[in-house]
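**Student:** Here is a sequence with its predicted model. Questions after.
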Amino acid sequence: MSMGNREQRTYQARPPYTTEADSILSAYASVYGKAERTLFAQLQSDGDLTTLKRDFLPRFGITARQFNSLAAELKGKINSIKERQSGLIRELEQRIAKAKRVLKRIADPARKHQKQRRIVMLQERLGKMKADRKADKVRLCFGSRKLFRSQFHLKENGYASHSEWLSDWQSTRSNQFFVIGSKDETAGNQSCVVTVAEDGSISLRLRLPDALSEYGKYLVIGGLRFEHGHEAIIAAIGRNLSGSKEDRQAFNYRFLKDDKGWRVFVSMSLPEGKLISLKDTGVIGIDINADNIAVTETDRFGNPTEYFAIPCVTYGKTVHQRKAVIGDAIKQIIAFAILRRKPIVIEKLDFQKKKAALERQAAKYARILSALAYTQIQTMIRARAYDAGIEVCEVNPAYSSVIGQYKFKDRYGMSTHNAAALVIGRRSLDFGESLPSQLQGTLPLSVRNRGGHVWSQWAVVSRKVSAARAARRRSAISDKRESRSSLSPAPSGQGTACDPAALAGEIPACESSVELFG
């Protein structure tokens, strides 16, 4: 059984350093950067791409394929920003609304003033975003806004002078270039032709812009060895040389300079694999949390057969440590899926809503949630599952936590997270989740008699749960303050009798519908 659409994969390697290659690649990036920034300005002024292409080739001394590369990359950036505009506007509206609700509960004048300033700042940002969307305007800073703003505070950002900052700014704006390919071109890319050397290493013959004629027409970069995907790249080169037209594929290259030198990224599509997972035997639901990944296996009837949680704490970790932690957790999930030969079901998560929710969370939890790389986890699950022949499905996770808590947690003796993973898995099997009878009776009559999707009833439950927890939290904070104010210093050598849970501000979880709705 085929896996359908081909998986896109990107691999990277560092070419051997030479002064000559570094100079040539830097010169290429400089030409590319100037052309890209100019093209962006022209497109924002309603310039026609075909007309601009005729002007850009002699103006910047580039080939038609090099123009196509920068045009394709720039259009991708512009489209990405436009697609994100609506989501960012919704996120800001949610953050403003929640910040206003938090503001009503703040008694301290200083904290109240800070929250008011934040709301004004968010409102100003929202106004600019809406104006840009109405005018179909895109804001794109080449070199990053953070670096641009650092010129106004040179010493604080480690610069001795403005000229030192300017050198860094110009270097950052011209530190990369993109080379687009096509499966109909030589070796998948006529501007950067790849070959395999006798020792198994990979060589690239890069076509230079005409503006760099003093360096010659080509730059040959040899001795490339990719730590990951080297064999897959060699196999794809072989298919391009000897396979049918359907088996050929494009190679896209990105050259990027960082603090250690140049890196080469090659993007390609993997051949269609063979599925080993069978959905008619059940699924494996996944619930991603701030400190763990909950895994729940079901049979074809939606009943849980096995469940466990894998620790996955990314807060306070470096980039490499976070990648290692996530990689180890996903390795266990994929091994379990291979053993059971069942598809993996993940939540179709909108992290913008999660970010908006941080307005009402404690600072510590907000940092943990922000550090959790949902996208990185899901991307790695998809990649490793594809390699293993495991299908990955997405479902809407709406109310999965509250449904899991009140329908399955106590019934099966599992954690709330594993219960949520069970709901996610069952949803992919098209099982509905009606309210338990004890919750039905607690709903207002108008809600019980209302037609429509059952989620509308779970939405009422979810709101009541949130309100009950908020009330408990406020009560716990109030009790904590009162207990602290009533405590007097203990005599020397004696302890003070107090409730540690109250002092720590611990809030017991809501376990029964009676507590919530009674």
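**Tutor:** Sure, I can see it.

**Student:** any idea how far the helix or strand harbouring residue 240 is from the chain center?
**Tutor:** Here residue 240 is covered by helix 230-242, with elements defined by DSSP states H and E. Taking C-alpha atoms, centre = their mean, to the nearest Å, one finds the center of helix 230-242 at 30 Å from the center of the full chain.

**Student:** same for it, what does it pack against?
**Tutor:** Based on contacts counted as 3 or more C-beta pairs under 8 Å, 6 or more residues apart in numbering; DSSP states H and E, the elements that helix 230-242 packs against are strand 8-13, strand 192-196, strand 202-207, strand 261-269. All C-beta atoms are positioned from the backbone trio N, CA, C, and that covers glycine.

**Student:** Heading C-terminal from it, find the next helix or strand.
**Tutor:** On the C-terminal side of helix 230-242, the nearest following helix or strand under DSSP H and E is strand 252-258.

**Student:** In CSV, could you pull the C-alpha coordinates for that following strand?
**Tutor:** As requested, the backbone C-alpha atoms of strand 252-258 are provided in CSV (Å, rounded to 0.1, in the frame of the first residue of the first chain):
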residue,chain,number,x,y,z
ASN,A,252,16.6,22.9,-4.3
TYR,A,253,19.7,24.4,-2.6
ARG,A,254,20.1,27.0,0.1
PHE,A,255,23.6,28.4,1.0
LEU,A,256,23.7,30.0,4.4
LYS,A,257,26.6,31.6,6.3
ASP,A,258,26.7,31.6,10.1
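
**Student:** Make CSV out of the helices and strands packed on helix 230-242 and add distance to residue 121.
**Tutor:** Converted to CSV, the helices and strands packed on helix 230-242 look like this (distance: least, C-beta to C-beta, whole Å):
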stretch, distance to residue 121
strand 8-13, 36
strand 192-196, 45
strand 202-207, 46
strand 261-269, 36
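
**Student:** ok, residues contacting the helix holding residue 240?
**Tutor:** Taking contacts as C-beta atoms under 8 Å, 6 or more residues apart in numbering, the residues outside helix 230-242 that touch it are 9, 11, 183, 187-188, 194-196, 200, 202, 226, 247-249, 251, 266, 268, 270-271.

**Student:** Going through those residues, which ones are buried?
**Tutor:** Listed as buried from the contacts of helix 230-242 are 9, 11, 183, 187-188, 194, 202, 226, 248-249, 251, 266, 268, 270; burial here means 16 or more other C-beta atoms under 10 Å.

**Student:** what's the closest of these to residue 115?
**Tutor:** When the buried ones among the contacts of helix 230-242 are compared for distance to residue 115 (C-beta to C-beta), residue 9 comes out closest, at 45.0 Å.

**Student:** Need the phi and psi values for the residue nearest to that closest one when sequence neighbours are not counted.
**Tutor:** Counting by C-beta to C-beta, 6 or more residues apart in numbering, the nearest residue to residue 9 once its immediate chain neighbours are dropped is residue 270, at 5.6 Å. Backbone torsions for residue 270, taken as degrees, to the nearest 10, come to phi -80, psi 150.

**Student:** Tell me which helix or strand in this structure has the weakest average pLDDT.
**Tutor:** The helix or strand of the chain with the poorest confidence is helix 500-504; it has a mean of 30 (mean pLDDT, DSSP states H and E).

**Student:** helix, strand or coil for the most centrally placed residue in the chain?
**Tutor:** Among the residues of the chain, the smallest C-alpha distance to the mean C-alpha position (C-alpha atoms, centre = their mean) belongs to residue 375, namely 3.0 Å. Three-state secondary structure (criterion: DSSP: H, G, I helix; E, B strand; the rest coil) places residue 375 in helix.

**Student:** Check the one 10 residues further on too.
**Tutor:** What three-state DSSP gives for residue 385 is helix.

**Student:** So for it, what's the pLDDT?
**Tutor:** As predicted, residue 385 sits at a pLDDT of 91.

**Student:** Same question for residue 411.
**Tutor:** Reported pLDDT at residue 411 in the predicted model: 90.

**Student:** cool, and the one 10 residues further on?
**Tutor:** Residue 421 is assigned a predicted lDDT (pLDDT) of 95.

**Student:** again, but for residue 469
**Tutor:** Reading off the confidence values, residue 469 has pLDDT 65.

**Student:** next one: residue 53
**Tutor:** Residue 53 carries a pLDDT value of 94.

**Student:** what residues are up against the closest residue to residue 416 other than its chain neighbours?
**Tutor:** Distances taken as C-beta to C-beta, 6+ apart put residue 405 closest to residue 416, at 5.1 Å, once the chain neighbours are dropped. With contacts defined as C-beta under 8 Å, 6+ apart, residue 405 is in contact with 416, 419, 420.

**Student:** gap between residue 405 and residue 118?
**Tutor:** 32 Å (C-beta to C-beta, to the nearest Å).

**Student:** Go over the secondary structure and confirm residue 393 is in a helix.
**Tutor:** No - assigned with three-state DSSP, residue 393 falls outside any helix and is strand.

**Student:** from memory it sits against residue 283, does it?
**Tutor:** Yes - in this structure, residue 393 is within contact of residue 283 by C-beta atoms under 8 Å, at 7.3 Å.

**Student:** Need the residues touching each of those two.
**Tutor:** What both residue 393 and residue 283 touch, as defined by C-beta under 8 Å, 6+ apart, is the set 343, 344, 345, 428.

**Student:** okay, those in CSV with neighbour count and distance to residue 99 next?
**Tutor:** CSV is the format used below for these (neighbours: other C-beta atoms under 10 Å; distance: C-beta to C-beta, whole Å):
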residue, neighbour count, distance to residue 99
343, 23, 40
344, 26, 37
345, 25, 34
428, 20, 36
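
**Student:** circling back: contacting residues for the residue nearest to residue 9?
**Tutor:** For residue 270, the set of contacting residues under the criterion of C-beta under 8 Å, 6+ apart consists of 6, 7, 8, 9, 232, 386.

**Student:** Now with 6 Å, please.
**Tutor:** Contacts here follow C-beta atoms under 6 Å, 6 or more residues apart in numbering; on that basis residue 270 touches 6, 7, 9.

**Student:** go on, residue 338?
**Tutor:** Residue 338 is in contact with residue 388, counting by C-beta under 6 Å, 6+ apart.

**Student:** could you redo the last one with a cut-off of 7 Å?
**Tutor:** The neighbours of residue 338, taking C-beta atoms under 7 Å, 6 or more residues apart in numbering as the test, are 388, 390.

**Student:** wait, doesn't residue 77 sit right on residue 141?
**Tutor:** No - taking C-beta atoms under 7 Å as the definition, residue 77 is not a contact partner of residue 141, at 11.0 Å.

**Student:** Between the two, which is the more surrounded one?
**Tutor:** Neighbours per residue (other C-beta atoms under 10 Å) separate residue 77 from residue 141, with residue 77 holding more: 14 against 11.

**Student:** the domain parsing of this protein - what is it?
**Tutor:** Each domain of the chain is listed here as a residue range: 1-274, 279-433, 434-478+501-518, per automatic domain parsing.

**Student:** how distant is the first one from the center of its chain?
**Tutor:** Its chain's average C-alpha position is 17 Å from that of domain 1-274, according to C-alpha atoms, centre = their mean.

**Student:** circling back: how far away is the residue nearest to residue 9 from residue 180?
**Tutor:** Distance of residue 270 to residue 180, given as C-beta to C-beta: 19 Å.

**Student:** Apart from its chain neighbours, what residue comes closest to residue 395?
**Tutor:** Across the structure, with C-beta to C-beta, 6+ apart as the measure, the residue nearest residue 395 apart from its sequence neighbours is residue 427 (4.5 Å).
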